[in-house]
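# I need the structure of the sequence given here:
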Amino acid sequence: MEYIRLGQSGLKVSRLCLGTMNMGTPQWKPWIFDEAQSEPIVRHALEAGVNFIDLADFYSTGVGEEVVGRILKRIARREEIVVTTKVGYDMGVYQNAGGHSRKHIMDGIDASLTRLGMDYVDIYMLHFYDVNTPVEETMGALNDIVRAGKARYIGVSTMYTWQFAKIMQVCERNGWHKPVNMQLQLNLAYREEEREMIPYCQDQGVGVSVFSPLARGLLTCDPNSTRNQTDFFTAQMYGDVASREVAASVARVAARRGVSAAQIAQAWVLNHGGVSSMLVGADTPAQFDSAVAALGTTLSADELFELERNYTPCDLINDYTAGRRIAREPRLAQGMFDETLEEAA
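Numbers count the residues shown, from 1 in each chain. Presented below is the predicted three-dimensional model:
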């Protein structure tokens, strides 16, 4: 396993981070694993050297934190792992059940710590940018949580760069703790964060952890998985021609290498200069091993062109653009992947 300091903080995390959205209860979504099914995956990741575990209160509406918390208590030493959880999405149907008001954030951290069975989390993260709450209120609450010892650091996820800049500015102005991590979506089928967010994070010394490196399963070339058949967000995000062509290119590169498509897609993310850590949401220990193999995979110039040639700009994927994707057209192949050259020869 490789380890890296998260941005300019002193916190060292594994290059692979265990994603736990698929752990909790299938009563929430049909592709979720229960505790007995989840434990072998968590154990395997820790044995591989992972020390970074990502959660959110929203996963299985709190049951995810309960399940993973119990597993970690059985098989890990608290001081040896870096646990992050997120707050923001509705946890009920009452007023103030979600968002980033001071009330919900304070209620949220206490509820998460109770479910996790922990005294603190290492990183407490905003799940999105709440446009309905003053940023000063939100960041003041997070600063107080760090000062109270309930979190060691703070982080953010999934927002526009200008929104993140507001967060950093208000922290700077008030002398508050700044986020040390930005969690964002990045994969071969979605690269919009390369334009502004990742350069901004590099400039500000903020670590970047990436979720959905396989584009919700699209890049594994398995469109018939339970998740892809039951999660309508996959079709919204990756239902265009360009995304399917990207997946086909991943399959071609993987076939020439004799490795899985997942390993190639994950290797591209891990070789990205702006990425600190990559989340891995594995359904089996074997799936996790493809990410471990990707750590040692270097891609050639021809392979990189083939993997990247189909990508064209699109709308940002976040809470504000759902269902408004722009159709995209790919570029033609070149080099060793240009089949027309082979036919002419």
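
# helices along the chain, start to end?
Using DSSP state H, the helices found in the chain span residues 35-47, 63-75, 102-116, 135-147, 161-174, 197-204, 226-230, 232-238, 241-257, 261-270, 285-295, 301-308, 339-344.

# so, low pLDDT: which residues of the protein?
221-236, 314-315, 317-330, 341-345 (pLDDT under 70).

# now do the contacts for the spatially most central residue of it.
When the chain is reduced to its mean C-alpha position, the nearest residue by Cα atoms, centre = their mean turns out to be residue 211, at 1.9 Å. Residue 211 makes contact with 19, 54, 183-185, 279, 281 under the criterion Cβ atoms under 8 Å, 6 or more residues apart in numbering. Where C-beta positions appear, they are placed from N, C-alpha and C, glycine not excepted.

# so of those residues, which ones are in strands?
Per DSSP state E, strands hold the following members of those: 19, 54, 183-185, 279.

# and of these, the nearest to residue 163?
residue 184 (12.2 Å; Cβ to Cβ).

# look up how far residue 302 lies from that closest one.
The gap separating residue 184 from residue 302 is 28 Å, by Cβ to Cβ, to the nearest Å.

# which one's more surrounded, those two?
residue 184 (25 against 15; other Cβ atoms under 10 Å).

# what about the residue nearest to that one when sequence neighbours are not counted, how many neighbours?
Among residues not flanking residue 184 along the chain, residue 193 sits closest, at 4.9 Å (Cβ to Cβ, 6 or more residues apart in numbering). Residues lying near residue 193 (other Cβ under 10 Å) number 22.

# what does residue 27 give?
Residue 27 has 11 nearby residues by other Cβ under 10 Å.

# circling back to that earlier point, beta-bridge partners for the residue nearest to the centre of the chain, please?
Residue 211 forms beta bridges with residue 185, as assigned by DSSP bridges.

# state the distance from residue 88 to residue 108.
8 Å.

# what do you get for residue 252?
From residue 252 to residue 108 the distance is 45 Å (Cβ to Cβ).

# same check on residue 147?
In terms of Cβ to Cβ, residue 147 sits 17 Å off from residue 108.

# one more: residue 98?
With Cβ to Cβ as the criterion, residue 98 and residue 108 are 9 Å apart.

# ok, residue 95 next?
As judged by Cβ to Cβ, residue 95 and residue 108 stand 15 Å apart.

# so for these two, which sits in the more crowded spot?
Counted by other Cβ under 10 Å, residue 95 and residue 108 do not tie: residue 108 has more neighbours, with 25 against 8.

# which residue is the nearest non-sequential neighbour of that one?
residue 87 (4.0 Å).

# that neighbour: what's it in contact with?
Contacts of residue 87 by Cβ under 8 Å, 6+ apart are 56-57, 100, 104-105, 108-109, 112, 124-127.

# distance of it from residue 58?
For residue 87, the distance to residue 58 - Cβ to Cβ - is 8 Å.

# what's the answer for residue 143, then?
Distance from residue 143 to residue 58, by Cβ to Cβ: 23 Å.

# those two: who's more crowded?
Applying other Cβ under 10 Å to residue 143 and residue 58 shows that residue 58 carries more neighbours, namely 20 against 17.

# and the more buried one, its phi and psi?
Phi and psi for residue 58, reported as degrees, to the nearest 10, are phi -70, psi -30.

# centre of the chain to stretch 301-311, how far?
Distance, stretch centre to chain centre, for stretch 301-311: 23 Å (Cα atoms, centre = their mean, to the nearest Å).

# ok, back up a step: tell me the residues that contact both of residue 87 and residue 58, please.
If you check residue 87 and residue 58 against Cβ under 8 Å, 6+ apart, the residues they both contact are residue 127.

# what number of residues lie near the residue lying closest to residue 220 once chain neighbours are set aside?
Nearest non-adjacent residue to residue 220, counting by Cβ to Cβ, 6+ apart: residue 262, 4.9 Å away. Here the count is done by other Cβ under 10 Å, and residue 262 has 25 residues near it.
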